[in-house]
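Asker: Next come a sequence and a model predicted from it.
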There are 4 protein chains.
Amino acid sequence: MDPRHFAYAFSVRLHDTDAAGRLFFGHLFRHAHDAYEAFMAHVGLPLDRLIREGEILLPLVHAEADYHRPLCQGDRVQVVLAIDEIRARSFAVTYRFETHDGTLAATAKTVHLRINRDGSPAAGLSDEIRDAILPYLHEDRPQ
Amino acid sequence: MDPRHFAYAFSVRLHDTDAAGRLFFGHLFRHAHDAYEAFMAHVGLPLDRLIREGEILLPLVHAEADYHRPLCQGDRVQVVLAIDEIRARSFAVTYRFETHDGTLAATAKTVHLRINRDGSPAAGLSDEIRDAILPYLHEDRPQ
Amino acid sequence: MDPRHFAYAFSVRLHDTDAAGRLFFGHLFRHAHDAYEAFMAHVGLPLDRLIREGEILLPLVHAEADYHRPLCQGDRVQVVLAIDEIRARSFAVTYRFETHDGTLAATAKTVHLRINRDGSPAAGLSDEIRDAILPYLHEDRPQ
Amino acid sequence: MDPRHFAYAFSVRLHDTDAAGRLFFGHLFRHAHDAYEAFMAHVGLPLDRLIREGEILLPLVHAEADYHRPLCQGDRVQVVLAIDEIRARSFAVTYRFETHDGTLAATAKTVHLRINRDGSPAAGLSDEIRDAILPYLHEDRPQ
């Protein structure tokens, strides 16, 4: 795998599915965020520390997903995460959801904005954040 | 309805069900807690205020449910909530889940313990809590 | 309200929030879909019937949301739903999430594609679907 | 670990927590069921196959949990699963939730009843089920 990617695996569980027999679309975002949490811990920015310290607040301001193939209970899924864009005060993360045979089931994207404690946009992303995520920025986006 | 009961209604949504076509058992507790939140707001103890003020902490220490009939997407459910027991530092809440034709689909129970900020058990439930929930205590439990 | 809009209300519950104290972004999609389910039932296309009959399959192929203001436990939210676009085999639904004082907290959009039982795209949306949702199509999108 | 136990690990994610900063109690059941799904696949009874074939239906008829210590975002949790009881038509599964330092955070129990397709109780658990789970039955329950 491209070293600028971060991989995270999960199994589709019964509670992920709905009566139509496939992953309920909204739960894809839960798994995307699980991958994001694992990624942030991997690059030294575990969310529990960020939330506890309260210095770096990075709420999501945008999320989107495209669904290509249904995911069903028991499917093993690999999430390939990459940084899509780094801007002055925000960054975008992309996610590819692939089943074990390499089939692309879905893609997703989340945008995180750094804000101050009062909710106003921060002056900028800190160097700590930029340095941590920069190695995962790539021009050939996974989408 | 018995005035010692509090009623809360919801519809079973697609995301509540799983690939077996019925409510995923764990989601019953989400709906039970929704009823509890509505009840606590009704008796003047809205959870958002309690959590924000941090003076009264009432974490769940026990939860249980019995499932009698499957609940399916589109079902309209009435939750009948009552106080089952009030003890020195805790109280128990019971829930009956009935479909619109009065069929009992499930029952549940949650036990809430008052703790101090450091996590140790509190000296006792406050008068504020006791007075608020006492009118809903009954000897004929809804289960 | 504009008659081409459909309204749906909910309260932000404790389980909707996360340790950062606000609605977990992924749960917005659950509430959007609740509004969509209520809308579909309102226009005579209840999802439980569609799934049970299996003739009309309308899986989501795209979802997106923008988050403007945090939503917190206890907030009463009104979802204003409208049809954004009707195409040959798909339609798009938009959602505005407003708190009781009219503040716009978030917007969302979902795209639903009609497929055949084997998963291939259907020849077209049926007249039944088109007629049901057309009254909610508008040029001034809620976003 | 006792060979009659089955272990399953997970991390507490942001969406598992609520505004009170700890695991929302209802989500414990989701994780218990994830462990149960992994266990059933391990003993040759993957739930996706059971649901697809429709011959063996094992809905939950009871669930309960006791909460000893709060679980917070980032906590690594090990679930130790065992079979607590095997009866004519049902079996009970117990779960211990331990943090990485061995602290007991919670216990849970689920009871699964074999039913026929029409919802009536089955004549009995099949030999296939009994043989698969028997090695995990123990007299010293994990609770």
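Answerer: Now that the structure is in, tell me what you want to look at.

Asker: Go ahead and confirm residue A:58 touches residue A:36.
Answerer: No - counting by C-beta atoms under 8 Å, residue A:36 is not a contact partner of residue A:58; they are 9.9 Å apart. All C-beta atoms are positioned from the backbone trio N, CA, C, and that covers glycine.

Asker: Other residues contacting the lengthiest helix in chain A?
Answerer: With secondary structure taken from DSSP state H, chain A has its longest helix at helix A:25-42. Residues outside helix A:25-42 that contact it (C-beta atoms under 8 Å, 6 or more residues apart in numbering or on different chains): A:6, A:8, A:10, A:16, A:46-47, A:50, A:63, A:65, A:67, A:71, A:77, A:79, A:81, A:93, A:95, A:97, A:106, A:108, A:110, A:136, B:15, C:24-27, C:29-30, C:32-33, C:59-60, C:63, C:110, D:11, D:13-15, D:74.

Asker: quick one: pLDDT of residue A:78?
Answerer: pLDDT, residue A:78: 98.

Asker: any weak-confidence spans in chain A?
Answerer: Chain A contains residues with pLDDT under 70 at A:139-143.

Asker: Helices along that one, start to end?
Answerer: Here chain A has its helices, by DSSP H, at A:25-42, A:47-53, A:127-133.

Asker: Would you format those as CSV with distance to residue C:117 and mean neighbour count included?
Answerer: Shown next, in CSV, are those (distance: least, C-beta to C-beta, whole Å; neighbours: other C-beta atoms under 10 Å in any protein chain shown):
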stretch, distance to residue C:117, mean neighbour count
helix A:25-42, 19, 22
helix A:47-53, 42, 17
helix A:127-133, 43, 15
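
Asker: which one of those helices lies closest to residue B:125?
Answerer: Closest approach to residue B:125 among the helices of chain A is made by helix A:47-53 (29.7 Å; C-beta to C-beta).

Asker: ok, is the closest one in contact with chain D or not?
Answerer: Yes - using C-beta under 8 Å from any C-beta of the partner chain, helix A:47-53 reaches chain D at A:47-49, A:51.

Asker: Kindly report the same for stretch A:2-19.
Answerer: Yes - for stretch A:2-19, a contact with chain D is found by C-beta under 8 Å from any C-beta, at A:11, A:13-15.

Asker: what comes up buried for that stretch?
Answerer: Neighbour-count burial for stretch A:2-19 flags A:5-6, A:8, A:10, A:12-19 (criterion: 16 or more other C-beta atoms under 10 Å in any protein chain shown).

Asker: Relative to the centre of chain A, find the outermost residue for me.
Answerer: Within chain A, residue A:19 marks the point farthest from the mean C-alpha position, 26.5 Å out by C-alpha atoms, centre = their mean.

Asker: ok, that one touching residue B:13?
Answerer: No - contact criterion C-beta under 8 Å: residue A:19 and residue B:13 do not qualify, at 10.1 Å.

Asker: Need the overlap of contacts for those two.
Answerer: In contact with both residue A:19 and residue B:13: residue B:73, using C-beta under 8 Å, 6+ apart.

Asker: ok, back up a step: residue contacts, the residue farthest from the centre of chain A?
Answerer: B:14, B:17-19, B:21-22, B:72-73, C:48, C:51.

Asker: And it, its phi and psi?
Answerer: In terms of degrees, to the nearest 10, the main-chain angles of residue A:19 are phi -60, psi -20.

Asker: How much space separates the residue nearest to the spatial centre of chain A from residue A:110?
Answerer: With distances taken as C-alpha atoms, centre = their mean, the residue of chain A nearest its centroid is residue A:36 (3.9 Å). According to C-beta to C-beta, to the nearest Å, residue A:36 stands 7 Å off from residue A:110.

Asker: shared neighbours of those two, anything?
Answerer: With C-beta under 8 Å, 6+ apart, residue A:36 and residue A:110 have common neighbours residue A:93.

Asker: Chain C contacts on chain A?
Answerer: So far as C-beta under 8 Å from any C-beta goes, chain A lies against chain C at A:19-20, A:22, A:24-27, A:29-30, A:32-33, A:48, A:51, A:57, A:59-67, A:70, A:110, A:119.

Asker: how about a markdown table for the residues of stretch A:2-19 next to chain D, with distance to residue D:131 added?
Answerer: Formatted as a markdown table, the residues of stretch A:2-19 next to chain D follow (distance: C-beta to C-beta, whole Å):
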| residue | distance to residue D:131 |
| --- | --- |
| A:11 | 24 |
| A:13 | 25 |
| A:14 | 23 |
| A:15 | 27 |
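
Asker: Among those, name the ones in strands.
Answerer: Those of these mapping onto strands are residue A:11, per DSSP state E.

Asker: If you drop the residues flanking it in sequence, what lies closest to residue A:135?
Answerer: Taking C-beta to C-beta, 6 or more residues apart in numbering or on different chains, and ignoring the residues beside it in sequence, residue A:135 has residue A:4 as its nearest neighbour in space, at 6.5 Å.

Asker: same deal with residue A:76?
Answerer: Excluding the flanking residues, the one nearest residue A:76 by C-beta to C-beta, 6+ apart is residue A:100, at 4.8 Å.

Asker: which residues touch that neighbour?
Answerer: Going by C-beta under 8 Å, 6+ apart, residue A:100 touches A:75-76, A:78.

Asker: closest one to residue D:129 among the helices of chain A?
Answerer: For the helices of chain A, the distance to residue D:129 is smallest for helix A:25-42, at 28.6 Å, taking C-beta to C-beta.

Asker: Could I have the CA atoms of that closest one written out in PDB?
Answerer: Output of helix A:25-42 as PDB, limited to C-alpha atoms (Å, rounded to 0.1, in the frame of the first residue of the first chain):
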ATOM      1  CA  PHE A  25     -25.900   4.300   5.000                       C
ATOM      2  CA  GLY A  26     -25.400   6.400   8.000                       C
ATOM      3  CA  HIS A  27     -23.300   3.800   9.800                       C
ATOM      4  CA  LEU A  28     -20.600   4.200   7.100                       C
ATOM      5  CA  PHE A  29     -19.800   7.600   8.700                       C
ATOM      6  CA  ARG A  30     -19.400   5.900  12.100                       C
ATOM      7  CA  HIS A  31     -16.800   3.500  10.500                       C
ATOM      8  CA  ALA A  32     -15.100   6.400   8.700                       C
ATOM      9  CA  HIS A  33     -14.700   8.200  12.000                       C
ATOM     10  CA  ASP A  34     -13.400   5.000  13.700                       C
ATOM     11  CA  ALA A  35     -10.700   5.000  11.000                       C
ATOM     12  CA  TYR A  36     -10.100   8.700  11.600                       C
ATOM     13  CA  GLU A  37      -9.700   8.200  15.300                       C
ATOM     14  CA  ALA A  38      -7.300   5.300  14.800                       C
ATOM     15  CA  PHE A  39      -5.400   7.500  12.300                       C
ATOM     16  CA  MET A  40      -5.200  10.400  14.600                       C
ATOM     17  CA  ALA A  41      -3.900   8.200  17.400                       C
ATOM     18  CA  HIS A  42      -1.300   6.700  15.000                       C
END
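
Asker: Report the angle between it and helix C:25-42.
Answerer: Inter-element angle recorded for helix A:25-42 and helix C:25-42: 180 degrees (by axes from the mean of the first three to the mean of the last three C-alpha atoms, to 10 degrees).

Asker: ok now helix A:25-42, how far from the chain's centre?
Answerer: 5 Å (C-alpha atoms, centre = their mean, to the nearest Å).

Asker: what sits against residue A:21?
Answerer: A:70, A:72, B:19.

Asker: hang on, the earlier thing: nearest to residue C:85, out of the helices of chain A?
Answerer: Comparison of the helices of chain A against residue C:85 by C-beta to C-beta identifies helix A:25-42 as nearest, at 18.2 Å.

Asker: State the distance spanning the first to the last residue of stretch A:72-79.
Answerer: Criterion C-alpha to C-alpha, to the nearest Å; first-to-last residue distance in stretch A:72-79 is 15 Å.
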